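Student: Let me see the structure of the following:
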Amino acid sequence: MTESPDAETPPPAPPTASGIAPEVSAAQAGVPAEKAPDSAAWDAETAQGGDAGAAQEGIEAPALTPLAPGYRTVIRIQMILTFLPLAVGASVLAFFFDDLPWRGPLLGAFVGLLLAGVLLLPARRFARWGYQLDAERLRVVRGYWFHVDTIVPFVRVQHIDVSQGPVERLCGVSTLTVHTAGTLNSVVDLPGLDPERAAAMRDAIRDRIRSDNE
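Tutor: Reported below is the predicted structural model:
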């Protein structure tokens, strides 16, 4: 059988000085261009697949639930009560020592500290609070410079209280207090909760403890 001239096999490439023939391209080997693998595209797909796999393998931290907005006002009132003795002391100094040369700078520094403590610090402190409640434990996170992350397993809980002071009652929030066995962190407070939310969390934790004891 005679071969068609269109199917003529290309001659082999001559060997180089080292005796090794050079690589044959896809076009010279008779492979269509669309079938030749694109190494750049393959590398990009592999990199994307690797990133996706790493993202799937990573474990995202559960989001914390913020406190009720009324607790921000509670913090602001607490800051005012904290700075009140300092305000009285500064007023006494300004009244009896009005001829002191450092009276003006002292009052200016105090006013700036008072404004920062009343206007800026409450919002920052409020933003650093959060909690998470699941079927096995309660997690309470607070603080920035002194960051505290407390986890309370329900198996260690002995009893639970919901309290509300006069300032909290004025702002419409309550505090959930969890008492646990042991001496370290035996009392964990979670302030800034809506009264209904605090009561629901207390009942849910009690029900969980009762089901574990049965």
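Student: ok, so what distance separates the closest residue to residue 132 other than its chain neighbours from residue 188?
Tutor: Counting by CB to CB, 6 or more residues apart in numbering, residue 139 is the residue found nearest to residue 132 once chain neighbours are left out, at 4.3 Å. Just so you know, the C-beta spots here come from the backbone N, C-alpha and C atoms, and that holds for glycine as well. The gap separating residue 139 from residue 188 is 10 Å, by CB to CB, to the nearest Å.
Student: Mutual contacts of the two, please.
Tutor: 150, 152 (CB atoms under 8 Å, 6 or more residues apart in numbering).
Student: now the strands: where do they sit in this protein?
Tutor: 130-133, 137-142, 148-153, 157-163, 174-180, 187-193 (DSSP state E).
Student: Format those strands as CSV; extra columns: distance to residue 117 and mean neighbour count.
Tutor: Shown next, in CSV, are the strands of the chain (distance: least, CB to CB, whole Å; neighbours: other CB atoms under 10 Å):
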stretch, distance to residue 117, mean neighbour count
strand 130-133, 22, 18
strand 137-142, 18, 18
strand 148-153, 21, 13
strand 157-163, 25, 15
strand 174-180, 22, 20
strand 187-193, 19, 20
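Student: List the residues that contact residue 176.
Tutor: Residue 176 neighbours (CB under 8 Å, 6+ apart): 160-162, 189-191, 193, 198, 201-202.
Student: Need the per-residue pLDDT for the nearest residue to residue 149 once chain neighbours are set aside.
Tutor: Residue nearest to residue 149 in three dimensions, not counting chain neighbours: residue 141, with 5.0 Å by CB to CB, 6+ apart. Predicted confidence (pLDDT) for residue 141: 96.
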